[in-house]
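# Kindly return the folded structure for what I paste below:
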Amino acid sequence: MADKPSRSLVIYGDGFAQLIHGHLNSFASHASCGFLSLRETEDKRAVKEVAQLFGVYDPTISERFMGLKAAMLTLGFDVFHFNELASESLIWLGFQCGEVHETSKYDLVFIYVWIDKFVGFVMQLASPSSIGSRLHLSIVMSHGYISKISSDLSFLFPQQSYTMISGKLRHHSPLLIAQLQEAVTRKDLAKEFSFKEFKEHGGNHAIPADRFLCEVAFKLWKAPKYGA
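Predicted structure coming up:
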């Protein structure tokens with residue numbers, strides 16, 4: 001547990017779980033990896049995944065998590081500007097020139113863009129400085145449209161707690177998640193950002209996607225530990 005509240009950067013790639021490149025594999029090899037299970041709904045796939053990830057059916061994020069300040073950036077950035085976007089998103093979180101500022105414009109920033117190069121820039125900016133111990137970085141990848149058989153959570157053992165919740169659950173094509181914060185997150189044995197690698201060597205297995213934000217808020221000292 002950190003001695004100060006963290007600030008969180010969440011990077012979400014819709015449909016890119018099969019298009020992983022070097023920066024993401026490198027990140028996974030240092031991170032704590034697992035899955036976010038989803039409920040079956042009648043909404044369009046991309047809409048329901050983001051909706052569950054951020055619990056949009058509940059009150060606002062600031063109301064749920066003790067005034068947590070959050071921002072969301074989505075598609076539309078030129079790939080050549082990703083270095084500027086990486087720097088700016090960290091500045092919003094109070095990280096600049098390798099230093100941690102006592103105050104920040106936001107506690108959590110959610111990025112919804114093509115991500116491999118962006119992840120590389122963020123890791124380069126954060127790793128050689130004091131930023132790494134205060135930045136809680138989550139990378140979430142969805143499968144998009146993919147075979148149910150190739151990514152079935154029912155093979156996980158022991159039975160996962162998410163199966164006990166009410167409602168119709170989707171046991172295939174979970175969101176893949178890797179999280180990293182220096183001296184805070186545990187490092188598992190996963191070496192690549194993939195379903196097979198996370199299933200065999202990841203340390204987190206699966207939790208419901210709609211509990212993800214609660215886990216992040218806990219790192220920011222804005223909520224109690226999920227499951228505690």
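# for the lowest-mean-pLDDT helix or strand in the chain, packing partners?
Within the chain, no helix or strand scores below helix 45-54, which has a mean of 75 by mean pLDDT, DSSP states H and E. Under the contact criterion of 3 or more C-beta pairs under 8 Å, 6 or more residues apart in numbering; DSSP states H and E, helix 45-54 touches strand 32-39, helix 212-219. Placement of C-beta: from N, CA and C, glycine included.
# what about dumping the CA coordinates of that helix to CSV?
The C-alpha trace of helix 45-54 is given here as CSV (Å, rounded to 0.1, in the frame of the first residue of the first chain):
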residue,chain,number,x,y,z
ARG,A,45,-21.0,-4.4,-27.8
ALA,A,46,-18.7,-1.4,-27.5
VAL,A,47,-21.3,0.7,-25.6
LYS,A,48,-22.0,-2.0,-23.1
GLU,A,49,-18.3,-2.7,-22.4
VAL,A,50,-17.5,0.9,-21.7
ALA,A,51,-20.7,1.4,-19.7
GLN,A,52,-19.9,-1.5,-17.4
LEU,A,53,-16.3,-0.5,-17.1
PHE,A,54,-17.3,2.9,-15.7
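# Out of the helices and strands packed on helix 45-54, which gets nearest to Thr103?
Nearest of the helices and strands packed on helix 45-54 to Thr103, taken as C-beta to C-beta: helix 212-219 at 18.0 Å.
# Return the per-residue confidence for the residue positioned nearest the centre of the chain.
Nearest to the geometric centre of the chain sits Ser138, at 3.1 Å (C-alpha atoms, centre = their mean). On pLDDT, Ser138 comes in at 95.
# For it, what are phi and psi?
Per-residue torsions, Ser138: phi -120, psi 130 (degrees, to the nearest 10).
# what residue ranges in this structure are flagged as low confidence?
Where the chain drops to pLDDT under 70, the residues are 1-2, 15-20, 41-47, 56-58, 75-81, 113-114, 144-168, 226-228.
# CA-only coordinates of the biggest strand by length in it, as CSV, when you get a sec.
Longest strand of the chain, by residue count under DSSP state E: strand 169-180. Taking Å, rounded to 0.1, in the frame of the first residue of the first chain, the C-alpha atoms of strand 169-180 are listed here in CSV:
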residue,chain,number,x,y,z
LEU,A,169,-22.9,-13.3,-17.3
ARG,A,170,-20.8,-13.5,-20.5
HIS,A,171,-18.2,-16.2,-19.9
HIS,A,172,-16.3,-15.6,-23.2
SER,A,173,-14.3,-12.6,-24.6
PRO,A,174,-13.5,-10.8,-21.3
LEU,A,175,-11.7,-7.6,-21.2
LEU,A,176,-7.9,-8.1,-20.7
ILE,A,177,-6.4,-5.9,-18.0
ALA,A,178,-2.8,-5.2,-16.9
GLN,A,179,-2.0,-2.8,-14.0
LEU,A,180,1.3,-1.3,-12.9
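# Now do it: which elements does it pack against?
By 3+ C-beta pairs under 8 Å, 6+ apart, strand 169-180 packs against helix 22-30, strand 32-39, strand 135-141, helix 195-201.
# Columns distance to Lys225 on top of those, output as CSV?
Below are the helices and strands packed on strand 169-180 laid out as CSV (distance: least, C-beta to C-beta, whole Å):
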stretch, distance to Lys225
helix 22-30, 23
strand 32-39, 15
strand 135-141, 14
helix 195-201, 22
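# by how many degrees do the longest strand of the chain and helix 45-54 diverge?
Calculated by axes from the mean of the first three to the mean of the last three C-alpha atoms, to 10 degrees, strand 169-180 forms an angle of 60 degrees with helix 45-54.
# Check which residues of strand 169-180 are buried.
By 16 or more other C-beta atoms under 10 Å, the buried positions in strand 169-180 come out as Leu169, Arg170, His171, His172, Ser173, Pro174, Leu175, Leu176, Ile177, Ala178, Gln179, Leu180.
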